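In: Sharing a sequence plus its predicted fold:
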Amino acid sequence: GNSVTQMEGPVTLSEEAFLTINCTYTATGYPSLFWYVQYPGEGLQLLLKATKADDKGSNKGFEATYRKETTSFHLEKGSVQVSDSAVYFCALSDRGSGYSTLTFGKGTMLLVSP
Amino acid sequence: NAGVTQTPKFQVLKTGQSMTLQCAQDMNHEYMSWYRQDPGMGLRLIHYSVGAGITDQGEVPNGYNVSRSTTEDFPLRLLSAAPSQTSVYFCASSPLGGLSYEQYFGPGTRLTVT
């Protein structure tokens, strides 16, 4: 079956530091890959996505590249801000079934201090 | 356009009580789903639906029932609440088909069963 593994947190950084959150996946088909972000007390919001190998998703300074050879989709940002403090979820969807079912990683909490 | 709405925001139940968590979307999405979020577990799929009259089980369906009589609404019923069902519940919707499979999440319902 499908699965997503992401690094455990919390990740604690100072403002303007470089961020990497690792994500690897196992899938039987050709999944689409996503990063969702959850701010305190809120639901999940899509941060970025990639639908095929070598695609790079980007949004709000965050980037992630779909690497089929290493089955990875690591999230990066060059300079984090306090407002980036949130929980980040890596997820995949199984296109093979034709449905929109998402498989999530366990989430990584990011804490950014001034 | 309200997106995905969920009611109530908070609920406390006693063991054995029943209740219905409401979810509605105004984007005419075919696909709707329910997840539960527990610390260290990420989001796990409870039930999903690909259209009115069609529902199916996800990863953790036991203790929950769903029905889909309209495109807009997808209520989740707890027939006899148990402390193990203490969690945050999220409803999500998306169009069917296409490459992106982006899901839109509601703000969540925090349920405590005592």
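Out: It's in. Numbers count the residues shown, from 1 in each chain, chains lettered A, B, ... in the order given.
In: Let me know the pLDDT of residue B:97.
Out: The score at residue B:97 is 68. That number is its pLDDT.
In: How about residue A:108?
Out: For residue A:108, the model assigns a pLDDT of 96.
In: ok, now the one 5 residues further on?
Out: At residue A:113, the pLDDT value in this model is 97.
In: The closest residue in space to it that isn't next to it in sequence: neighbour count?
Out: Nearest residue to residue A:113, sequence neighbours excluded (CB to CB, 6 or more residues apart in numbering or on different chains): residue A:14, at 5.7 Å. Bear in mind the C-beta positions are built from the backbone N, C-alpha and C, glycine included. By other CB atoms under 10 Å in any protein chain shown, 10 other residues sit near residue A:14.
In: Show me what the closest residue to residue A:20 other than its chain neighbours is bridged to.
Out: Counting by CB to CB, 6+ apart, residue A:76 is the residue found nearest to residue A:20 once chain neighbours are left out, at 5.2 Å. Going by DSSP bridges, residue A:76 is paired in beta bridges with residue A:20, residue A:63.
In: Please look at residue A:76 and residue A:17 and confirm they touch.
Out: No - judged on CB atoms under 8 Å, residue A:76 makes no contact with residue A:17 at a distance of 11.7 Å.
In: ok so, going back, quick check: the gap between the residue nearest to residue A:113 and chain B.
Out: Distance, residue A:14 to chain B, by CB to the nearest CB, to the nearest Å: 26 Å.
In: quick one, what contacts residue A:90?
Out: By CB atoms under 8 Å, 6 or more residues apart in numbering or on different chains, the contact list for residue A:90 reads A:4, A:6, A:21, A:23, A:25, A:33-35, A:73, A:75, A:104-105.
In: Only alpha carbons, please: show the helix or strand harbouring it as PDB.
Out: Applying DSSP states H and E as the criterion places residue A:90 in strand A:86-93. Extracted as PDB, the C-alpha positions of strand A:86-93 are listed here (Å, rounded to 0.1, in the frame of the first residue of the first chain):
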ATOM      1  CA  ALA A  86       3.100  25.600  11.800                       C
ATOM      2  CA  VAL A  87       2.800  21.800  11.300                       C
ATOM      3  CA  TYR A  88       3.700  20.600   7.800                       C
ATOM      4  CA  PHE A  89       2.300  17.400   6.300                       C
ATOM      5  CA  CYS A  90       3.600  15.600   3.300                       C
ATOM      6  CA  ALA A  91       0.900  13.600   1.400                       C
ATOM      7  CA  LEU A  92       0.300  11.700  -1.700                       C
ATOM      8  CA  SER A  93      -2.700  10.800  -3.800                       C
END
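In: Direction included, what does that strand pair against?
Out: Here strand A:86-93 is paired, per DSSP bridges, with strand A:32-38 (antiparallel), strand A:102-104 (antiparallel), strand A:108-113 (antiparallel).
In: Residues contacting the second one, please?
Out: Judged by CB under 8 Å, 6+ apart, the contacts made with strand A:102-104 from elsewhere in the structure are A:2-4, A:34, A:36, A:89-94, B:33, B:35, B:42-45, B:92, B:101, B:103.
In: Once you drop chain neighbours, what's closest to residue B:29?
Out: Spatial nearest neighbour of residue B:29, excluding adjacent residues (CB to CB, 6+ apart): residue B:93 at 3.9 Å.
In: Residue A:45 against residue A:34, yeah?
Out: No - look at residue A:45 against residue A:34 with CB under 8 Å: they stay out of range, at 10.8 Å.
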